[in-house]
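Novice: quick one, structure for this:
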Amino acid sequence: MRTLQVRRFSLAQAVVNAPMGHIIVVDAQDRPVSDAEVSANGLDGRTNGRGIYDFPLPATTSVTITVRVGDYAVRTVRPAAEVETGAYVKIPVCLAQPIVTSIEIGALAVGIGCALAGVYWKAKPAEVIGEVLIGAAAFTAIYRHSCL
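Specialist: Next up, the predicted model:
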C-alpha cells in the first residue's frame with residue numbers, strides 16, 4: 001500500500017502591466033558595464049552583459065540609484081519617469097580592457113607580412129600598405145586604452 005502525501009499550495013495573483021525600471025550603466029567612454037552591482041530603492045541586482053538592470057518600478061516619484069563597480073560607487077536620484085524609459089548612470093572611470101584584441105593581432109600580422117613582402121620583392125605599395133596596417137593596429141590599441 002502506498003501513502004499519498006497532500007501538500008498545501010497557495011496561489012497569488014500576478015500584477016499585470018506593472019511598470020519596469022531600466023538602469024543602463026556605462027563607463028567614461030560610454031561602453032556598457034556588465035556585472036555591476038545596482039541598488040534601486042532597496043532592490044538589489046547586477047547588470048547583464050549589455051550593462052542593463054531591469055527591476056519592478058515602485059509607485060514613487062523618484063528612484064535612488066547606487067551603482068558599484070570594483071572600488072567605485074556612484075549614487076544618484078532620478079525621476080521615476082526617467083528610470084522607466086531608461087536611466088543612464090555613468091561610472092567616471094575607464095574600466096580594464098584587454099591589452100590587444102584578435103582584430104589588432106590580425107592587422108599586425110597582415111601588416112608585417114605585407115611590409116616584408118614589399119621589401120623582399122621591392123614592391124613599394126605592398127611595403128607602404130604593411131606599414132599603414134602596423135601603425136593602425138598600434139594606434140587602435142593605444143587609443144582603446146586612453147581615457148578621454
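
Novice: in the sheet, which residues pair with the closest residue to residue 88 other than its chain neighbours? Tell me.
Specialist: Among residues not flanking residue 88 along the chain, residue 24 sits closest, at 5.0 Å (Cβ to Cβ, 6 or more residues apart in numbering). Where you see a C-beta, it was placed from the backbone N, CA and C, and this is true even at glycine. Under the criterion DSSP bridges, residue 24 forms beta bridges with residue 52, residue 88.

Novice: where's residue 24 relative to residue 138, distance?
Specialist: 32 Å (Cβ to Cβ, to the nearest Å).

Novice: just checking, residue 91 touches residue 26?
Specialist: Yes. Counting by Cβ atoms under 8 Å, residue 26 is a contact partner of residue 91 at 7.1 Å.

Novice: between these two, which one's more packed in?
Specialist: Using other Cβ atoms under 10 Å, the more surrounded residue of residue 91 and residue 26 is residue 91, with 21 against 17.

Novice: on the pLDDT front, check that one for me.
Specialist: If you check residue 91, the pLDDT there is 87.

Novice: ok, it to residue 27 distance?
Specialist: With distances taken as Cβ to Cβ, residue 91 is found 5 Å from residue 27.

Novice: go on, residue 83?
Specialist: From residue 83 across to residue 27, the span is 20 Å (Cβ to Cβ).

Novice: do residue 95 as well
Specialist: Counting by Cβ to Cβ, the gap from residue 95 to residue 27 is 5 Å.

Novice: which residues do those two both contact?
Specialist: In terms of Cβ atoms under 8 Å, 6 or more residues apart in numbering, residue 95 and residue 27 are both contacted by the residues residue 33.

Novice: out of those two, which sits in the more crowded spot?
Specialist: For residue 95 and residue 27, the more surrounded residue by other Cβ under 10 Å is residue 27, and the numbers stand at 21 against 17.

Novice: spit out the contact partners of that one.
Specialist: Per Cβ under 8 Å, 6+ apart, neighbours of residue 27: 33, 90, 91, 93, 94, 95.
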